[in-house]
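Participant: sharing a sequence plus its predicted fold:
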Amino acid sequence: MKKTLLFILFCISQSFYSQADCSTALAVCGNSNITYNPTGIGLVDETLGGCLTEGEHNSIWYKLTIATSGTLTFDLIPTNPNADYDWAMYGPNVTCASLGAPIRCNAATVIGVGASTGLNMTSTILSAAGGSTTPYCRYLDVVAGETYYLYLDNWVGAGGSTTAPFSLTWGGTATLASPFTDPVLQPNPFVPPGIPAANPNNPREILICSSPALFDFSTLTPGILNGNPNFIVTYHTSQNDALSGASPITAPLIVNTTTTYYYSIHYQDPASPNNALNSCRQIGAFKFKLGNITANDATIFACNNNKKGQGTFNLTTANVFGGTNVTIIYYPTLANLNAGTGQIANPSQYVSAEGVVYADVKTTDGCSDYAVITLRFYPEVVVNDAILRACTFDVNLKTASFNLTTASVTAQTGTTKKYYPSLTDATNGTNEISNFTNYISPNGVVYVRVIDGNGCYGIAKIKLEVIPPVYSTVLKDKTICIEDKTILDAGTGFDGYEWSTGATTQTISNVGVGTYWVKLKTGDCIILQNVKVYSSEQPVITSVDISNTTVTINVNGGKAPYQYSMDGIAWQDSNVFTNIKRGDHKIYVKDAYDCEPIEIGIVVPNLVNVITPNGDGINDVIDYSALANKQNLIFNVFDRYGNKIFQADKMNNYKWDGTAGNKKVATGNYWYSVSWNENDKKGTPIKYSGWVLLKNRE
């Protein structure tokens with residue numbers, strides 16, 4: 001960790017992330033406004049006491065040291081009106097290890113009272129428990145020199161993620177002082193100069209190239225301030241001077257490696273030179289250390305790829321200096337280095353033949369030395385061209401599958417190979433062939449990039465030759481009924497057969513529906529030929545329409561023409577059957593393949609053509625409750641204009657008593673339809689339609 005900095009006027013340095021714990025509370029040394037957005041809790045879930053009973057949620061701790069006695073108030077105003085900030089004040093002069101009960105505590109709800117909370121001069125309460133509608137507590141009477149801890153928590157429930165920045169404004173007659181805890185005044189952390197000493201408790205160290213040396217202390221200021229405006233850094237030769245700001249070093253000074261020097265940071269209000277914040281100071285110590293360096297000569301290697309005569313050297317890999325915090329500039333000649341001209345613009349990709357270049361190594365303190373970098377080539381990668389022959393498997397007799405890894409293109413061990421479709425791609429490393437063990441190609445060439453352990457490569461050409469295949473011309477796909485068997489014949493003239501069934505004969509018999517293959521051998525080439533035995537597609541009864549005693553069967557799929565039957569014995573070409581009796585029936589359908597027919601069951605409902613709903617128990621209703629076990633049963637009644645006047649369903653037990661909207665309808669003819677899905681595997685839709693004469697005598 002960097003050497004701890006000394007703060008005066010009640011200001012202590014804290015890491016930004018840890019300000020949510022009491023032990024690392026953010027010091028408040030002034031009555032200036034504070035803005036913050038607490039998220040989560042710190043490293044410790046504190047024991048809070050008082051009105052705060054549920055632990056921490058999104059919290060921050062502040063430590064206050066009183067500069068002048070008086071009354072102390074504050075207003076905490078969240079940017080989100082729905083935020084719910086709870087808080088507690090501990091003290092005076094307590095420690096985080098023994099906070100005791102809070103002297104002021106408020107956990108008031110925001111409902112109906114607003115999100116602002118704090119201490120004011122009008123409230124008389126000292127504590128407000130959760131649920132209270134009093135968000136302010138009584139002010140504090142404070143005495144100079146006392147310290148207090150203020151805990152703030154945006155209560156959004158355990159594990160909650162809703163946060164809200166707040167503005168914290170101090171009031172009352174007491175005063176505080178310091179600019180160093182206000183993120184508006186100091187948006188960035190200050191950065192101590194130099195580097196840590198070997199013993200972190202010793203002053204930090206700044207390198208100089210010689211001792212004694214003339215040093216301009218003002219060159220350290222921008223790095224220390226780190227972009228913080230309205231702060232001033234002065235430099236001193238004693239700690240007391242640094243604390244008081246006395247005797248600042250105002251001009252370059254002869255320094256050595258034994259004296260300890262000090263820097264002092266203070267705020268300078270641009271609008272008010274007498275602002276109390278201007279007196280807050282933060283100081284640190286540093287020493288000078290001799291930083292002369294020695295650069296190391298080095299040799300680096302690059303690849304002379306494909307005997308090009310030039311390699312791409314990464315000059316930055318040359319180990320010309322073992323330390324850090326240096327700038328290295330590379331030059332093609334020593335004369336260029338001495339003159340500071342002709343700098344190598346891209347040292348990580350320097351294209352060159354074998355030779356030497358020069359590196360100028362310089363520290364931030366101006367210390368420098370140069371090194372000679374020797375450029376050498378790695379040993380050449382030796383390759384040779386090759387030929388691959390493969391049997392085609394494509395029916396167009398033009399392509400084959402090549403395993404490019406079997407091409408013998410080098411005798412050199414410890415190499416890797418990458419394959420490319422063209423010489424340009426092999427040279428540029430583009431469009432690499434990924435399926436090199438199963439590379440599908442016609443007659444042609446590919447290129448292989450042979451890479452050794454140094455990353456160097458040579459390029460060889462592989463010639464690809466396709467051996468044409470021989471297929472059976474008699475082996476064809478077949479279609480049969482699913483219950484039938486057939487014979488597959490691969491034909492004569494082959495040197496060997498191997499079927500997917502395990503048979504090694506020209507033909508196989510007793511073959512059912514399925515996918516088969518046979519490997520046919522001609523000379524050294526074996527090709528695989530697929531053959532399929534298809535099951536004829538069965539027709540599907542898509543729906544059945546029933547009108548009185550006429551049944552119409554609607555079929556799709558399979559192969560036309562279709563045959564229809566109501567008993568599985570007598571077949572007809574027409575899909576319409578007439579004069580069918582009421583009750584349960586079977587329907588059979590088969591297609592042109594004459595396979596086993598498909599069948600479904602249907603119901604031809606009882607026909608009711610007249611109802612007289614007069615309450616005598618005879619023909620009072622149309623009743624299709626006998627079909628209630630069918631799927632999606634719907635019974636609709638229409639008038640002669642096609643308007644639906646009634647729908648019977650499960651609620652009225654699929655019956656119609658001649659009413660519509662609980663009123664009897666007029667005597668006349670009415671149409672009705674009954675639809676359902678049969679309880680078979682396909683849920684065949686059935687539609688039955690008819691007419692009825694309704695006689696209402698009232």
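Facilitator: Looks like it arrived, so ask away. Numbers count the residues shown, from 1 in each chain.

Participant: only C-alpha atoms for contact and neighbour calcs from this point on.
Facilitator: Noted.

Participant: hmm, Y350 is touching T317, no?
Facilitator: No. With contacts counted by C-alpha atoms under 8 Å, Y350 stays clear of T317, the gap being 11.7 Å.

Participant: what ranges does the stretch 101-250 of the chain have for its strands?
Facilitator: With DSSP state E, counting those that start in this stretch, the ranges of strands along the stretch 101-250 of the chain come out as 104-106, 117-120, 127-128, 136-138, 140-142, 147-154, 166-171, 204-208, 213-215, 231-236.

Participant: what lies in contact with the longest one?
Facilitator: Spelled out, that is strand 147-154. Here strand 147-154 makes contact (C-alpha atoms under 8 Å, 6 or more residues apart in numbering) with 22, 25, 38, 56-66, 83-94, 163-164.

Participant: the helices in this structure, which residues?
Facilitator: 221-225, 239-244, 334-339, 423-428 (DSSP state H).

Participant: so can I have JSON lines of these showing distance to T124?
Facilitator: What follows is the helices of the chain, written out as JSON lines (distance: least, C-alpha to C-alpha, whole Å):
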{"stretch": "helix 221-225", "distance to T124": "45"}
{"stretch": "helix 239-244", "distance to T124": "42"}
{"stretch": "helix 334-339", "distance to T124": "79"}
{"stretch": "helix 423-428", "distance to T124": "82"}
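
Participant: lowest average pLDDT across the ones you listed?
Facilitator: Among the helices of the chain, helix 239-244 carries the lowest mean pLDDT, at a mean of 70.

Participant: ok, how many other residues are close to T65?
Facilitator: Number of residues near T65 (other C-alpha atoms under 10 Å) recorded here: 25.

Participant: L388 bridge partners, please.
Facilitator: L464 (DSSP bridges).

Participant: sorry, back to before: could the helices of the chain go into JSON lines alongside mean neighbour count and distance to D657?
Facilitator: Shown next, in JSON lines, are the helices of the chain (neighbours: other C-alpha atoms under 10 Å; distance: least, C-alpha to C-alpha, whole Å):
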{"stretch": "helix 221-225", "mean neighbour count": "17", "distance to D657": "96"}
{"stretch": "helix 239-244", "mean neighbour count": "18", "distance to D657": "107"}
{"stretch": "helix 334-339", "mean neighbour count": "14", "distance to D657": "112"}
{"stretch": "helix 423-428", "mean neighbour count": "16", "distance to D657": "86"}
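
Participant: out of those, nearest to S500?
Facilitator: Counting by C-alpha to C-alpha, S500 lies closest to helix 423-428 out of the helices of the chain; the figure is 41.4 Å.

Participant: restricting to C-alpha, output the closest one in PDB.
Facilitator: Extracted in PDB, the C-alpha atoms of helix 423-428 (Å, rounded to 0.1, in the frame of the first residue of the first chain):
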ATOM      1  CA  LEU A 423      -1.500 -20.100 -52.600                       C
ATOM      2  CA  THR A 424      -2.600 -16.600 -51.800                       C
ATOM      3  CA  ASP A 425      -4.700 -17.900 -48.900                       C
ATOM      4  CA  ALA A 426      -1.800 -20.000 -47.700                       C
ATOM      5  CA  THR A 427       0.600 -17.000 -47.800                       C
ATOM      6  CA  ASN A 428      -1.900 -14.600 -46.100                       C
END
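
Participant: does that helix pack against any helices or strands, and if so which?
Facilitator: The contact analysis (3 or more C-alpha pairs under 8 Å, 6 or more residues apart in numbering; DSSP states H and E) places helix 423-428 against strand 444-451.

Participant: now the strand it packs on: buried residues?
Facilitator: For strand 444-451, the neighbour count (16 or more other C-alpha atoms under 10 Å) marks 445-451 as buried.

Participant: let me know the closest of those residues to K663.
Facilitator: V446 (88.9 Å).

Participant: in the sheet, who's paired with the closest one?
Facilitator: Beta-bridge pairing of V446 under DSSP bridges involves I462.

Participant: in this structure it contacts Y419, no?
Facilitator: Yes. In this structure, V446 is within contact of Y419 by C-alpha under 8 Å, at 7.1 Å.

Participant: low-confidence ranges in the stretch 351-500 of the chain?
Facilitator: 365, 395 (pLDDT under 70).

Participant: returning to what we had before: would CSV of the buried residues of strand 444-451 with distance to N431 be doable?
Facilitator: Below are the buried residues of strand 444-451 laid out as CSV (distance: C-alpha to C-alpha, whole Å):
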residue, distance to N431
V445, 15
V446, 12
Y447, 12
V448, 12
R449, 12
V450, 16
I451, 17
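
Participant: so which of the strands of the stretch 101-250 of the chain is the most surrounded?
Facilitator: Most buried of the strands of the stretch 101-250 of the chain, by mean neighbour count (mean count of other C-alpha atoms under 10 Å): strand 104-106, with a mean of 28.

Participant: who are the packing partners of that strand?
Facilitator: strand 85-90, strand 127-128, strand 136-138.

Participant: and that strand, average pLDDT?
Facilitator: Here the average pLDDT along strand 104-106 is 95.

Participant: and it, how far from the chain's centre?
Facilitator: Relative to its chain's centre, strand 104-106 lies at 44 Å (C-alpha atoms, centre = their mean, to the nearest Å).

Participant: which residues are contacting it?
Facilitator: 50-52, 86-90, 118, 126-130, 135-138.

Participant: adjacent strands (with direction) for that strand?
Facilitator: When DSSP bridges is applied, strand 104-106 pairs with strand 85-90 (antiparallel), strand 127-128 (parallel).

Participant: and the closest residue to G568 other than its chain neighbours, how many neighbours?
Facilitator: In space, and not counting its chain neighbours, G568 is closest to Y588: 5.9 Å by C-alpha to C-alpha, 6 or more residues apart in numbering. When neighbours are counted by other C-alpha under 10 Å, Y588 registers 21.

Participant: sorry, back to before: neighbour count: Y350 and T317, which is higher?
Facilitator: Set side by side, Y350 and T317 show more neighbours around Y350, with 17 against 13, by other C-alpha under 10 Å.

Participant: gap between the more buried one and T134?
Facilitator: Distance of Y350 to T134, given as C-alpha to C-alpha, to the nearest Å: 74 Å.

Participant: now V326: closest residue in space, sequence neighbours ignored.
Facilitator: T363 (4.2 Å).

Participant: count the residues that sit near that neighbour.
Facilitator: T363 - counted by other C-alpha under 10 Å - has 20 other residues nearby.

Participant: pretty sure it contacts N325?
Facilitator: Yes. Counting by C-alpha under 8 Å, N325 is a contact partner of T363 at 6.2 Å.

Participant: what's next to stretch 425-437, contact-wise?
Facilitator: Contacts for stretch 425-437 (C-alpha under 8 Å, 6+ apart): 402-405, 418-421, 439, 447-449, 459.

Participant: mean pLDDT for the strands of the stretch 101-250 of the chain: which is lowest?
Facilitator: Among the strands of the stretch 101-250 of the chain, strand 166-171 carries the lowest mean pLDDT (a mean of 85).

Participant: how much distance is there from that strand to the middle of the chain?
Facilitator: Here strand 166-171 shows a centroid-to-chain-centroid distance of 40 Å under the convention C-alpha atoms, centre = their mean.

Participant: what's the pLDDT at N37?
Facilitator: At N37, pLDDT is 66.

Participant: ok, now which ones touch the residue nearest to T109 when sequence neighbours are not counted?
Facilitator: Leaving aside its sequence neighbours, T109 sits nearest to G131 (C-alpha to C-alpha, 6+ apart; 5.1 Å). Residues in contact with G131 (C-alpha under 8 Å, 6+ apart) are 107-109.

Participant: if we go to 10 Å?
Facilitator: 106-111 (C-alpha atoms under 10 Å, 6 or more residues apart in numbering).

Participant: so which of those wins on neighbours?
Facilitator: Counting neighbours by other C-alpha under 10 Å, N106 comes out on top of the contacts of G131 with 30 neighbours.

Participant: can you tell me the closest non-neighbouring residue to that one?
Facilitator: N106 sits nearest to A128 (C-alpha to C-alpha, 6+ apart), 4.5 Å away.
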